[in-house]
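Student: sequence below, structure please.
(2 chains, ligands or ions: 3)
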Amino acid sequence: MSTPETSSRPPNDNPILWVAKPLLTAAKQFRKSLFRPSTIVYPFERLEDPKFREEVAVAAGKPIGIGAVWDNYRGVHALNIDTCISCNLCAFSCPDLCIDMVNVAGGDPKHPKKCPEIDYGKCSYCGFCSDACPEGCLTMTTRYELSVTKRADMVFSPERLYQVYEQKLPMNPIRLERPENEDQILLDPPVCIGCNACARDCPTKCITMLDIVKPTAAPGEKMPKRIWKEPVINDSDCVRCGTCISVCPKECLFWGTRK
Amino acid sequence: MLSLYSVAYDLISIPLTAIAAHLPAPLSAWLVNTTLLNVLGALVFCAILLGASMINTIMLIWFERKMLGRFMDRRGAMHVGFAGLLQNFADGLKLFRKNTRRPKDADFVGFYAAPTAYMVSSLVMFAILPVSTGWSAGALPLSLLLALVVFSFAPLFIFLSAWSSANKYSLLGGMRSAAQMIAYEVPILLAVVAVVVLSGSFDLTTIVYEQQNYWFWAPLFLALIVFVAGMLAEMERIPFDLPEAEAELVEGWNTEFGGMLFAFFMLADYVRALVGCFLIVLLFLGGWTMPGWVPASATSFPLAGIFWFMLKTYLVFGVFIWIRASLPRVRTDQLLRVGWMRMVPLSLLSIVLAVAVVLTKCLPVIGCVPGIGGG
Ligand code: SF4
Ligand code: SF4
Ligand code: SF4
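Tutor: Ligands and ions are numbered 1, 2, ... in the order given. I've put the predicted structure just below:
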């Protein structure tokens, strides 16, 4: 008998072992998981339940190695509406465009307060939004159960995100450090008309309008029609949201490198 | 002696006699006549047997799911009923509710008749095999032969269903099934010949009683190995599940079947698994008898025979599950080569051994006893 597979077999291999070895391996596994298989009875036993983790650790005789991974989990977001400054940074940074800024109660009727609304049908749980949030009010929790029966239920309004926040679930502690030489908002003074739009809309109220000296007009020269004020930005309070740039009617604010 | 048929007969005759006592004479005579009672008793007998075997089959599936789960470090069915006991009933109900669709080119008669025939031919086995004294349809002097004949019908129906469903994967699976049948039917029959030589009978009840002193697996160890391997191939279980090799052939010969027809195949597969285990227990593991060192109290309680028989059956099936969890599927050529070049010589050798035991009336461990070798 010189069929290909018999000749390519290693010479010391015994056909009896082909059967016996796998049988033995399977028997070992059977003995190991006879009373406590590794899988858990999920809806009734949960890995995040500290009591259950304790039990498993006791049964295994050593702490179970899921802690580090678990703390890092990126699940449903929690939003603290009270500290949200409506800076829009979360919506800007979302790669899936699943964040909408929607009105929430509070704030004056003319300029209502806006908070993020997240569509989990699109969210990829990348965590960019919570990295970007300057106030730390949008965070990712360890909640992973999100099954719904209607598509509309996938959209979490700010109020629903606030309910998640109120459950005080463990939060993902990861936070981006702001870079050392971050760009800052710079002003092109001759173009500014002192309209106050930037100061009004700045979520952190770090813009103050300061009086400037009204120049005396040379004979025959027409003075520009403007308010003689200019924005001064308190750089340490600025969260770099860019709201002022987007509201400025004259496009005289721009991103620039710190001098 | 308590037998299943007498129980069934009583179940039907006692209420009928009670009713007949209140009826006028011609009507009661018509009601309580032996022919009618015998027919009705036979029907009740079938119903009891069918119910018991179906429940056992479904429990077998549960047993396999749970045990296979343990081999794979998981739990198997958990939530329907205690530890998932009712899961398979729920699955069956689901399949029952589905509608079955016949492919456009499939043959009408073959497509519907073959699964039914497969199921029926598998179920008939329960009437032939004695589970305990008095628990088969009747004393058949050639019951072993009949059992093997009925058992080997199945590949024919598999091939029929594969051919009539007009699908190349089904047909390939059916072809493999036929090849497998021919390769493994021969060693199985030869191994059985060794048992027949040793017991001197074709009657399963006699074969079991021949094993009261010693079980046949010890002198016929080679035959047992051949028989188990052959049964694995007959049941089309891993590692010999080539006919439905899902990685290559979608679902093999039952690719085109859905709903209740699929459930028929699925159930019949496990019926055949159960029947195969029955055969192994009957031929090699002493059937419902227990060796002498087992205390009499453990073998004399009511239905003790059935209890021990089913215990052995489930243990044998446990070994099949163990094999399924361990071994990979073999190739067709390997399967056929093992069948023709290893199994046939081994079974011939075991016949020689059986003849030697009968002639010398000696066994390796037990020694030489006059009762050995069919008296
Ligand atoms: S986690 Fe990523 S995708 Fe989801 S809302 Fe936040 S930024 Fe968008
Ligand atoms: S980034 Fe934070 S503070 Fe800004 S709008 Fe989003 S949640 Fe509110
Ligand atoms: S919004 Fe623009 S134009 Fe108006 S005060 Fe601010 S910088 Fe000047």
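Student: use CA for all of it now, contacts and neighbours both
Tutor: Will do.
Student: mind checking the SS state of residue A:186?
Tutor: Under the three-state scheme (DSSP: H, G, I helix; E, B strand; the rest coil), residue A:186 adopts strand.
Student: burial count for residue A:148?
Tutor: A count of nearby residues for residue A:148, using other C-alpha atoms under 10 Å in any protein chain shown, gives 9.
Student: surely it forms part of a strand?
Tutor: No - counting by three-state DSSP, residue A:148 is not found in a strand; it is coil.
Student: what's the closest residue to it other than its chain neighbours sitting at in phi/psi?
Tutor: Leaving aside its chain neighbours, residue A:148 sits nearest to residue A:154 (6.9 Å; criterion: C-alpha to C-alpha, 6 or more residues apart in numbering or on different chains). Per-residue torsions, residue A:154: phi -70, psi -20 (degrees, to the nearest 10).
Student: now the helices for the stretch 51-200 of chain A?
Tutor: In the stretch 51-200 of chain A, the segments counted as helices under DSSP state H, counting those that start in this stretch are A:67-71, A:89-93, A:128-132, A:158-166, A:197-201.
Student: quick one: closest of those to residue A:105.
Tutor: Closest to residue A:105 of the helices of the stretch 51-200 of chain A, according to C-alpha to C-alpha: helix A:158-166, at 9.6 Å.
Student: quick check, the closest one touching ligand 1?
Tutor: No - counting by C-alpha under 6 Å from any ligand atom, ligand 1 has no neighbours in helix A:158-166; the shortest distance is 11.6 Å.
Student: now that helix, how far from the centre of its chain.
Tutor: Chain-centre distance of helix A:158-166: 15 Å, with C-alpha atoms, centre = their mean, to the nearest Å.
Student: and the residue of the stretch 1-150 of chain B found nearest ligand 1, how many residues sit next to it?
Tutor: Of all residues in the stretch 1-150 of chain B, residue B:74 sits closest to ligand 1, at 32.7 Å by C-alpha to the nearest ligand atom. Using other C-alpha under 10 Å, residue B:74 has 19 neighbouring residues.
Student: quick one: it and residue A:38 touch, right?
Tutor: Yes - between residue B:74 and residue A:38 there is a contact at 6.2 Å, judged by C-alpha atoms under 8 Å.
Student: give the contact list for the residue lying closest to residue A:205 once chain neighbours are set aside.
Tutor: Closest residue in space to residue A:205, ignoring its immediate chain neighbours: residue A:199 at 6.6 Å, by C-alpha to C-alpha, 6+ apart. Shown in contact with residue A:199 (C-alpha atoms under 8 Å, 6 or more residues apart in numbering or on different chains): A:205, A:206, A:207, A:208, A:209, A:231, A:244.
Student: switch these over to CSV; also include distance to residue B:215.
Tutor: Listed next are the contacts of residue A:199 as CSV, based on distance: C-alpha to C-alpha, whole Å:
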residue, distance to residue B:215
A:205, 94
A:206, 94
A:207, 97
A:208, 101
A:209, 104
A:231, 102
A:244, 93
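Student: show me the residues you listed that map onto strands.
Tutor: Judged by DSSP state E, the contacts of residue A:199 include A:207, A:208, A:209, A:231 as members of strands.
Student: residue B:52: which of those residues is nearest?
Tutor: Residue B:52 lies nearest to residue A:207 out of the ones in strands among the contacts of residue A:199, by C-alpha to C-alpha, at 84.9 Å.
Student: verify the contact between that closest one and residue A:232 for me.
Tutor: Yes - Residue A:207 is within contact range of residue A:232, at 5.6 Å (criterion: C-alpha under 8 Å).
Student: returning to what we had before: which strand or helix spans the residue of the stretch 1-150 of chain B closest to ligand 1?
Tutor: Counting by DSSP states H and E, no helix or strand carries residue B:74.
Student: how is chain A divided into domains?
Tutor: Annotated domains of chain A cover A:77-166, A:184-214+A:224-256 [automatic domain parsing].
Student: residue B:115 is nearest to which of the ones you listed?
Tutor: Short answer: domain A:77-166, nearest of the domains of chain A by C-alpha to C-alpha, at 38.7 Å.
Student: what's the end-to-end length of the closest one?
Tutor: The first and last residues of domain A:77-166 sit 11 Å apart, counting by C-alpha to C-alpha, to the nearest Å.
Student: quick one: that domain near ligand 2?
Tutor: Yes - interface with ligand 2: domain A:77-166 contributes A:84-90, A:115-116, A:132-135, A:137-138 (C-alpha under 6 Å from any ligand atom).
Student: out of the helices of the stretch 51-200 of chain A, deepest packed?
Tutor: Mean neighbour count (mean count of other C-alpha atoms under 10 Å in any protein chain shown) peaks for helix A:128-132 among the helices of the stretch 51-200 of chain A, with a mean of 22.
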